[in-house]
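**Q** sequence plus predicted model, see below.
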Amino acid sequence: MSKAQNEIEEFIYKICYRPIWESVNNYIALHPTALNLSMARIKYPDTALLLDMLLEYATHIRIDEDSLFFDAILSCTIELQQFDEYRGEMSGETSQWLIASCEAVITDKLDSLKISSVKPWSRDSKPSGNGIAASKSIVPIIARKDLDKEATVFLEKYYPEALAEPMRVPIEDIAKEKLHLNVVQGYRITDDFSIFGQICFSPGKVKIYDLFKTSEKEEEVPRGTILIDAYTYWQRNSGCVNNTIAHEVYHWHRHRLYAAIKSILRNERFIACRCPADMVYPNESEEWTDEQRMEWQANNLAPRILMPIETFKTKVDELYQQYNYEDTPLKLAVLTCIADDLARFYGVSRQSALIRMTETGYPEAKSVLQAINEKEWHSYVSLEDVFYEYSTNGDFRKLIDSGRFKYVDGYVVINDEKYIAADETGKATLTEYAWDNLDECTLSFGWQRIRRASAKEVLPEIIFHRENDEQDISKYDADHNTAVLQLSEDLQRRNKNFEENEKIHLLSTANKNCWEYIFEVINIKGISKAHFCTLTELGEENYRKAEKGLKNDPTVRTIVAIGVGLSLDIETVDKMLYLAGRNFKDTPEDRALRFCITGLSGHPLSDCNDFLAARGYETLGTKQRL
């Protein structure tokens, strides 16, 4: 025998070697001519006998509950015998690689071993379709992209109803009634609440404490016992308890074979695979221990079991419609309500519901997660806070007017296609990369306390219907945003010559009136009359004025409507105003109009009109708005 390199090889050598030898020897004896004898001296053997067998490696390792499937690749030394009427008895040896396909059923011992087939080894051999692939340490192999698929497999077996329509998954009932586990609550597992729960893979004694940690004792527990620390409920919530039970249930579902084989090979009791309150995982490029890999799997599968992807999305969409999320100006507050409703519905924590939303296609939920976790500095800011800073902070206004940043989805984000894209309606939205890298591309804000009475011209009227006159509002500080500001400068220099607006910047204004200049801009944009009217909410007469180059100059509001509708930058809009003999005055209303061009760049005119109306200003466009 060669030396075993891992658990599966050690298991084969220590536990399975003799039964596999007997099956291989029987195969060779019954099928001597099926061997590859091209290099052997004996070409037509009458008998064959196995002399030695070495395990080269194990492959196609799969697990399914108590069953372990594997193919043992064996290097066999075989004695061949042949009777020849001229030469008499002839014998010789040959070497042959064979593959033995096996299924071991293991609980706290090897219950059975079945060798389903023995045949000559081939590179084209296919694995069994049973169970899930596992490593040579008997740890399941699950890619991040397959986590939801794995949760679905679990639910198809134990609670398929949750895959048909949104409903709470009764995880404790599944643990007790479907998997026949013993769930124990009411005791402390540790004296410092460092462990939420644990699963006992082997019978034995565990140390537990009373609720107030005044005494401790050792309790005899059977195999398959889940212990939940009493403080998981008292210091967290019932959602955390459900998640902990789901975590331990998944350990039992997929990891009990790992524990059983460790116990058989080491002759040790494998008491628990624990759910730590705080565990740090290596990077994907770093080496993981088996325990880290299994904890990562249980941590990621627990919420996916409690909130299965398709029916969870159905429930979220239902709540979005119920709260009219798309049209509400109070998106952060509404998202918080939606998360709370999901938490109550599924029996999970609010944070777990928010994380699940971000995993299933609702990246805006990250803004609520940030709001929950934020301390002094934050990136998610309301439009009211952004415009207050724009109106009162000259440095911030200069930064927004530079075009390097846009206000999108609640963030002041670098204006680059890496971070901002257009949705199906043409509205600016954060890219998936931006949602995953908010620290890289968004400005951070601190807090400042103001008196609302001194900000009546800046904040929306609705803000003032509150008892307390003071309010915390976001404050921009360039020193806290050095890296993001530098990146925005680098990207602006790199991309400026490729932007469509750069062509417009090259247009001469000499000997032109404002409408003539506007019509040249329209032609560069390639916009038809109908499209112009839709984007700007201006009537056809405005397009005709530009087409004919009329000399009567447009108003500031008309120019802003064109600037917003055609997604023009402040440089182009300032040129239009100059040609019309107009400019933005240093008044609250004109600052709001300028902000529509700079701060709300990429937003449709309807968003800008909502922004203006909230401050009591006349809206843009001449068409009647529904």
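**A** Nice, I can see it.
**Q** going forward, measure contacts between C-alpha atoms and count neighbours the same way
**A** Fine.
**Q** what's the residue closest to the geometric middle of the protein?
**A** Geometric centre of the chain, nearest residue: Glu359, 3.9 Å, by C-alpha atoms, centre = their mean.
**Q** how close does that one get to Lys313?
**A** Here Glu359 is placed at a distance of 10 Å from Lys313 (C-alpha to C-alpha, to the nearest Å).
**Q** same deal with His531?
**A** Distance from His531 to Lys313, by C-alpha to C-alpha: 35 Å.
**Q** what of Asp210?
**A** Distance from Asp210 to Lys313, by C-alpha to C-alpha: 41 Å.
**Q** repeat that for Glu547.
**A** Distance, Glu547 to Lys313, by C-alpha to C-alpha: 49 Å.
**Q** one more: Gln185?
**A** From Gln185 across to Lys313, the span is 32 Å (C-alpha to C-alpha).
**Q** could you do Arg293 as well?
**A** Remark: distance between Arg293 and Lys313 (C-alpha to C-alpha) = 28 Å.
**Q** swap in Ile199?
**A** In terms of C-alpha to C-alpha, Ile199 sits 31 Å off from Lys313.
**Q** biggest helix in the protein, by residue count?
**A** helix 238-266 (DSSP state H).
**Q** now for that helix, which elements pack on it?
**A** On a contact count with 3 or more C-alpha pairs under 8 Å, 6 or more residues apart in numbering; DSSP states H and E, helix 238-266 meets helix 7-11, strand 47-64, strand 88-106, helix 171-173, strand 195-200, strand 225-229, strand 272-276, helix 290-306.
**Q** can you redo those as JSON lines with mean pLDDT and distance to Leu593?
**A** Converted to JSON lines, the helices and strands packed on helix 238-266 look like this (pLDDT from 0 to 100; distance: least, C-alpha to C-alpha, whole Å):
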{"stretch": "helix 7-11", "mean pLDDT": "92", "distance to Leu593": "70"}
{"stretch": "strand 47-64", "mean pLDDT": "93", "distance to Leu593": "64"}
{"stretch": "strand 88-106", "mean pLDDT": "89", "distance to Leu593": "73"}
{"stretch": "helix 171-173", "mean pLDDT": "94", "distance to Leu593": "55"}
{"stretch": "strand 195-200", "mean pLDDT": "82", "distance to Leu593": "54"}
{"stretch": "strand 225-229", "mean pLDDT": "84", "distance to Leu593": "58"}
{"stretch": "strand 272-276", "mean pLDDT": "53", "distance to Leu593": "53"}
{"stretch": "helix 290-306", "mean pLDDT": "92", "distance to Leu593": "46"}
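**Q** okay, Ile199 and Lys313: which has more neighbours?
**A** More neighbours surround Ile199 than the other of Ile199 and Lys313, with 28 against 18 (other C-alpha atoms under 10 Å).
**Q** residue boundaries of the helices in the stretch 101-250 of the chain?
**A** Along the stretch 101-250 of the chain, the stretches classed as helices by DSSP state H, counting those that start in this stretch are 147-158, 161-164, 171-173, 231, 238-266.
**Q** in the second one, what counts as buried?
**A** In other words, helix 161-164. Of all the residues in helix 161-164, those buried under the rule 16 or more other C-alpha atoms under 10 Å are 162-163.
**Q** residues contacting that helix, please?
**A** By C-alpha atoms under 8 Å, 6 or more residues apart in numbering, the residues outside helix 161-164 that reach it are 152, 155-156, 168-169, 308, 310-311.
**Q** can you list those in a markdown table and add pLDDT and distance to Ile338?
**A** Formatted as a markdown table, those follow (pLDDT from 0 to 100; distance: C-alpha to C-alpha, whole Å):
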| residue | pLDDT | distance to Ile338 |
| --- | --- | --- |
| Thr152 | 97 | 24 |
| Leu155 | 97 | 25 |
| Glu156 | 96 | 27 |
| Arg168 | 95 | 16 |
| Val169 | 96 | 19 |
| Pro308 | 97 | 17 |
| Glu310 | 97 | 17 |
| Thr311 | 97 | 15 |
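**Q** could you dump these into a markdown table with distance to Ile20 and neighbour count added?
**A** Below are these laid out as a markdown table (distance: C-alpha to C-alpha, whole Å; neighbours: other C-alpha atoms under 10 Å):
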| residue | distance to Ile20 | neighbour count |
| --- | --- | --- |
| Thr152 | 35 | 22 |
| Leu155 | 35 | 20 |
| Glu156 | 34 | 13 |
| Arg168 | 47 | 17 |
| Val169 | 43 | 23 |
| Pro308 | 42 | 26 |
| Glu310 | 45 | 16 |
| Thr311 | 46 | 16 |
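**Q** and which of these is nearest Ala580?
**A** Lowest distance from Ala580 to the contacts of helix 161-164 (C-alpha to C-alpha) belongs to Glu310, with 55.3 Å.
**Q** confidence score at the closest residue in space to the closest one that isn't next to it in sequence?
**A** Once flanking residues are discounted, Glu310 sits nearest to Leu163: 7.3 Å by C-alpha to C-alpha, 6 or more residues apart in numbering. Note on Leu163: pLDDT of 97.
**Q** the residue nearest to the centre of the chain and Arg144, how far apart?
**A** As for Glu359, its distance to Arg144 is 11 Å (criterion: C-alpha to C-alpha).
**Q** and if you look at Lys217?
**A** 40 Å.
**Q** now do Ile189
**A** In this view, Ile189 and Arg144 are 31 Å apart by C-alpha to C-alpha.
**Q** when the two are compared, which one has more neighbours?
**A** When neighbours are counted by other C-alpha under 10 Å, Ile189 and Arg144 differ, and Ile189 comes out ahead with 26 against 10.
**Q** residues contacting the more buried one?
**A** Going by C-alpha under 8 Å, 6+ apart, Ile189 touches 195-197, 207-209, 227-229.
**Q** quick check: phi and psi at it.
**A** Per-residue torsions, Ile189: phi -90, psi -40 (degrees, to the nearest 10).
**Q** count the residues that sit near the closest residue to Trp121 other than its chain neighbours.
**A** Counting by C-alpha to C-alpha, 6+ apart, the nearest residue to Trp121 once its immediate chain neighbours are dropped is Leu98, at 4.6 Å. For Leu98, the neighbour count with other C-alpha under 10 Å is 23.
**Q** follow-up on the earlier one: got the helices and strands packed on helix 238-266 as TSV, with distance to Leu383 columns?
**A** Shown next, in TSV, are these (distance: least, C-alpha to C-alpha, whole Å):
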stretch	distance to Leu383
helix 7-11	58
strand 47-64	53
strand 88-106	60
helix 171-173	42
strand 195-200	40
strand 225-229	44
strand 272-276	40
helix 290-306	33
